Every structure is written in structure tokens, then in C-alpha cells.
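Peer 1: Starting from these lines, generate the structure:
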Amino acid sequence: AEAAGAPMASTLMGISAVPSGHPLFVGNLGMHGNIAANEMTQQSDLILAVGMRFSDRVTGDVKNYAPHAKIIHIDIDSAELGKNLPVELPIHADAGEALEAMKSGIRHKDRSAWIDVAKGCDRREYEEVVRPSSDPQGRFISMYDAISTLAEVEKGDAVIVTDVGQNQMFSARYSKFNSTRSFITSGGLGTMGFGLPAALGAKLGVPDREVVCVMGDGGFQMTMQELGTIMQNRIGVKMIVLNNHYLGMVRQWQELFFDKRYSFTEMTNPDFGAIAQGNGIAYRCVEKRDELETAIHAMKEHPGAFLLEVRVEPEENVFPMVPAGAAVGDVRLE
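Peer 2: Below is the predicted model of the structure:
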């Protein structure tokens, strides 16, 4: 039986436990997931779900989720088994022990045709979503530009911590990792302001690794008092504020589903540079695309804490997107 491309997905994007670059990782699943993961879920005849809540951000319309698939669900919390979707085989167990026990029954089969489905989805996503996300003329900086450039500079070695919103979705989509335990983001009930204090904890936990916190201008202001904690304790965390002068994710919904009737999403921000410098933290602001890579290198090479403000395109949207209440195969690309 063939399983979905990203069966271990959960939360808003369906963050997978498989490091990016793994040959069997076809992307994230869910509302802002990759085309391959979403469409292959809808074609699957078997899904092995490990520690997955099947939340609405992953399943979309549960009545039309994976209509051809039987589901094997492994979870240490028995309350999750069959809670949101009917499950053919619920397994109440520790995930590691259950997977180890299943290994003896696995037999190799050629999956080249199934993998070709993913490759076709990837080509479509690149042409219709990824390539248009960047302006080759450099007239603006997109969030895609910022995160993909960060990934190139860090070469997959950094711990990436996100806040909540568009910054979170772009980070999940375009960050690169060479190892697990490298992406920290809030799951269900995630709230703006999560990123900075989480990044401080991550840096204290792995002081020898680069820790980069990605935030929007709105989320940063929720907990930017933690700059004082950084100053007092000399915590060498790196911070990127993607400043679009909006509460970006809410604005995106207001644009797409409420005819651009923007309500309380436009932001007049304080001087982030003055705030950083007042806390003794190195700061730089980038407004031009051709300065972005140099600025990220400067942040990386700085020995202590660093705040990089990137002024991005104000009304950029995160795609693909599955509208609320739609099936995960009903992917919107614009």
C-alpha cells in the first residue's frame, strides 16, 4: 500500500519530522502545505500517522480528507485516536517502540511512479508559486527572498525559531535543515510573541549552535521586552524581523476573503533600531534586495546578539493555500 508523502504531519503547516533534503520528504501538509503532500494525501490508499492530531489545519474538510485511504494512527495519548477522523488501526503506544516493532514486516517495493507524482507537483509549485515570489529586478524584498537567502547563508546548520503568522509559514516552507531538532515553532494554539522567548531558550539549550529567530513586526512587539533579557544575560541569539507594516496573515485573509476590507491590520511601528541599540544589541536595516545576503552574513558573523530588520513587500501572500472548510486537495495558488 502507498502512504502519503508526509504522513507525520501536524499543526498549521504539517511540520514533518524528516529533515529537508531527504529523498522521501515531499513537503509539508495542510493549509499552507506543499502541493505534493496535499494532493498525494488525497490519492493515498494508506496513511501511517505518527503523533498526529489531524487538526483542521491539516485535514481541511474532514469529510473529504484522504477519501481512498485507510489510516494507521500511532499516538501515546489514547484520546487522540479516532478523535477527529475514523481510524482503521489505532495503536496506543510510544512512537519509537511502535515503529521499531513494525520494521520487521516492511518489504521493499518500487515506488518510482509514486515519487514521479511528487516531482510533477514540485515542478508545478516552482513555476506557479516559488519563481514568482522573487523579483529578479530587485525592486522589492519578499519574505521568500529573506528566508531562502537565510537558508543559503546558514547552509542548513542553524536552529530556526519562528513567531506566528506569515513569517512562520515562509520559514516552514523555505528553511533548510541538516538535522532534526532544528525547527522550533508553535503548534496548535500558537500565539504571536512566541518566537523571541522560545529562541532564548533554544540558544541556552544549544549554546554552540547558531539560533535564528524569525518574526514579523507585529509578533516582535508582543515580547520585544526580552531584548533586556538578552542584554543582561549576553545571549547571542540572532533575530530577523520581517517588517511589512501589517499583521500579515490576518491581512491576507482580509484580502482574499473579505475584498480587501482591511480592519486593524495596518501597523505604524516604532523605531526598531533605536530599541535594539538602547538594549546594546547590534542592528541593521535592509530595504534593497542586493543588500540582503551581505546583511545576513554580517549577522551570522557577529559574535553576539544581532537584530536584522528586513523591510519586505507589504502585501505579499503565502501560497499554496487551502481555504478554510475546503478539502486539502483544493489548493489555491493565487
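
Peer 1: Distance check, Leu29 against Gly82.
Peer 2: 19 Å (CB to CB, to the nearest Å). For glycine as for every other residue, the C-beta is placed from the backbone atoms N, C-alpha and C.

Peer 1: Which one's more surrounded, those two?
Peer 2: Between Leu29 and Gly82, counted using other CB atoms under 10 Å, the more crowded position is Leu29 (31 against 15).

Peer 1: Helix or strand for the closest residue to Ser133 other than its chain neighbours, just tell me which one.
Peer 2: Spatially, and ignoring its direct neighbours in sequence, Ser133 is nearest to Tyr144 (3.7 Å; CB to CB, 6 or more residues apart in numbering). Applying DSSP states H and E as the criterion places Tyr144 in helix 143-154.

Peer 1: Past that helix, which element shows up next along the chain?
Peer 2: Downstream of helix 143-154 (by DSSP H and E), the next one is strand 159-162.

Peer 1: so where do the strands sit in this protein?
Peer 2: Shown for the chain, the strands assigned by DSSP state E span residues 46-50, 70-75, 89-92, 159-162, 183-184, 211-216, 238-243, 282-286, 306-311.

Peer 1: now the ones you listed in a markdown table, with mean neighbour count?
Peer 2: Converted to a markdown table, those look like this (neighbours: other CB atoms under 10 Å):
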| stretch | mean neighbour count |
| --- | --- |
| strand 46-50 | 21 |
| strand 70-75 | 21 |
| strand 89-92 | 16 |
| strand 159-162 | 26 |
| strand 183-184 | 19 |
| strand 211-216 | 28 |
| strand 238-243 | 27 |
| strand 282-286 | 19 |
| strand 306-311 | 24 |
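
Peer 1: Mind putting these into CSV with distance to Ala202 and mean pLDDT?
Peer 2: Output for the strands of the chain, formatted as CSV (distance: least, CB to CB, whole Å; pLDDT from 0 to 100):
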stretch, distance to Ala202, mean pLDDT
strand 46-50, 24, 95
strand 70-75, 26, 96
strand 89-92, 31, 96
strand 159-162, 5, 97
strand 183-184, 6, 95
strand 211-216, 5, 98
strand 238-243, 11, 98
strand 282-286, 19, 98
strand 306-311, 15, 98
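
Peer 1: could you dump these to CSV with distance to Leu150?
Peer 2: Below are these laid out as CSV (distance: least, CB to CB, whole Å):
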stretch, distance to Leu150
strand 46-50, 29
strand 70-75, 34
strand 89-92, 38
strand 159-162, 8
strand 183-184, 13
strand 211-216, 7
strand 238-243, 7
strand 282-286, 12
strand 306-311, 9
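
Peer 1: quick one, which of those strands is nearest to Ile296?
Peer 2: Closest to Ile296 of these is strand 306-311 (CB to CB; 6.9 Å).

Peer 1: now that closest one, how far from the centre of its chain.
Peer 2: 19 Å (CA atoms, centre = their mean, to the nearest Å).

Peer 1: Tell me which strands it pairs with, and in which orientation.
Peer 2: Strands that pair with strand 306-311, judged by DSSP bridges, come out as strand 238-243 (parallel), strand 282-286 (parallel).

Peer 1: quick one: which of those strands is nearest Met192?
Peer 2: Nearest of these (CB to CB): strand 238-243, 12.7 Å.

Peer 1: what sits up against that closest one?
Peer 2: By CB atoms under 8 Å, 6 or more residues apart in numbering, the list of residues contacting strand 238-243 from outside reads 143, 146, 150, 166-167, 170, 196, 199, 210-217, 220, 269, 272, 299-300, 302, 305-312.

Peer 1: swap in stretch 322-333?
Peer 2: Contacts of stretch 322-333 (CB under 8 Å, 6+ apart): 29-33, 35, 38-39, 41-42, 56, 58-61, 64-65, 128-129, 256-257, 319-321.

Peer 1: Ile147: neighbouring residues, count only.
Peer 2: The number of residues near Ile147, taken as other CB under 10 Å, comes to 26.

Peer 1: got a list of what it touches?
Peer 2: 170-171, 173-175, 214.

Peer 1: Can you convert these into JSON lines and add a column each for distance to Leu46?
Peer 2: Supplementary listing: the contacts of Ile147 in JSON lines, determined by distance: CB to CB, whole Å:
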{"residue": "Phe170", "distance to Leu46": "31"}
{"residue": "Ser171", "distance to Leu46": "31"}
{"residue": "Arg173", "distance to Leu46": "26"}
{"residue": "Tyr174", "distance to Leu46": "30"}
{"residue": "Ser175", "distance to Leu46": "29"}
{"residue": "Val214", "distance to Leu46": "35"}
